[in-house]
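> Here is my input, please return the structure:
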Amino acid sequence: MHEIHYLLIIPAALIASGSPGPATLAILGTSMKQGRAHGLALASGILTGSLMWSILAAFGFSAFMYSTVWLFELIRYLGGVYLLYLAYKSFKASRLSAKHIHLDNEEKLNYKKTYLKGLLLHLTNPKAILFFGALYSIGVPKGVPLSALFEVIFVVGCTSFLVFIGYAILFSISKIRDLYIRLRKTLELTFAVIFGALAMKILLFK
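Numbers count the residues shown, from 1 in each chain. Just a heads-up that it's a prediction; the model follows:
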């Protein structure tokens, strides 16, 4: 039996989770704007989506989805449209005057909505399908026992947990939230541009 390549799997999972992208950008913005609890709720949704794709990839479903063109294309377009929506929301926020900004508003209480936002963000990310499919096909040899597959899922899940939850805690620190207040318009406009660029990249992906 061939060994599972954890020296490949763990660094790849760290880089994929921690590198700039829709998930990390959403956690950053939510944590700064709405605080730690909201940031953790969003990160939990993203983490759930990541775990779901990891499980599906471990059992070969990512390869099936990638080979089923219409299904992969559907997820791709849904993800692109959702990122365009997030770009619009950020752009709209950048146009608001300071008196309309309340970091602790009533929306902060709706943690379920924030969790679902994170889940939807990751489930409609076609790059997650490709990443986890590649991770398991390269890092996990064929014929490993079921227990080994669940071990890999657990390790990858722990890696994602450290990154996503860590980002939520880091960017909800009071000094960073104060920085957001001072640079709110610039940051929101930056978020809008990045979300829009990522949307176009996904929608135009061939």
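> Any idea which helix or strand in the chain has the lowest mean pLDDT?
When each helix and strand of the chain is scored by mean pLDDT, DSSP states H and E, helix 61-67 comes last, with a mean of 68.
> Toward the C-terminus, what is the element adjacent to it?
Remark: after helix 61-67, the chain's next helix or strand is helix 69-94, criterion DSSP states H and E.
> Please name the nearest non-neighbouring residue to His5.
Spatial nearest neighbour of His5, excluding adjacent residues (C-beta to C-beta, 6 or more residues apart in numbering): Gly139 at 4.5 Å. C-betas here are computed from N, CA, C, even on glycine.
> For the one you found, which residues are in contact?
Contacts of Gly139 were listed using C-beta atoms under 8 Å, 6 or more residues apart in numbering, and they are Ile4, His5, Tyr6, Leu8, Ile9, Ala12, Val152.
> The residues you listed into JSON lines, with extra columns for pLDDT, distance to Tyr111 and neighbour count?
Shown next, in JSON lines, are the contacts of Gly139 (pLDDT from 0 to 100; distance: C-beta to C-beta, whole Å; neighbours: other C-beta atoms under 10 Å):
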{"residue": "Ile4", "pLDDT": "83", "distance to Tyr111": "36", "neighbour count": "18"}
{"residue": "His5", "pLDDT": "85", "distance to Tyr111": "37", "neighbour count": "15"}
{"residue": "Tyr6", "pLDDT": "86", "distance to Tyr111": "34", "neighbour count": "15"}
{"residue": "Leu8", "pLDDT": "87", "distance to Tyr111": "36", "neighbour count": "13"}
{"residue": "Ile9", "pLDDT": "89", "distance to Tyr111": "31", "neighbour count": "19"}
{"residue": "Ala12", "pLDDT": "90", "distance to Tyr111": "31", "neighbour count": "18"}
{"residue": "Val152", "pLDDT": "91", "distance to Tyr111": "30", "neighbour count": "22"}
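> Greatest separation within these: which pair is it?
Ile4 and Ala12 (12.7 Å; C-beta to C-beta).
> Could you tell me which of the contacts of Gly139 belong to helices?
Taking DSSP state H as the definition of helices, those contribute Tyr6, Leu8, Ile9, Ala12, Val152.
> Can you add distance to Ser67 and give these back as a markdown table?
Shown next, in a markdown table, are the ones in helices among the contacts of Gly139 (distance: C-beta to C-beta, whole Å):
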| residue | distance to Ser67 |
| --- | --- |
| Tyr6 | 27 |
| Leu8 | 24 |
| Ile9 | 23 |
| Ala12 | 22 |
| Val152 | 22 |
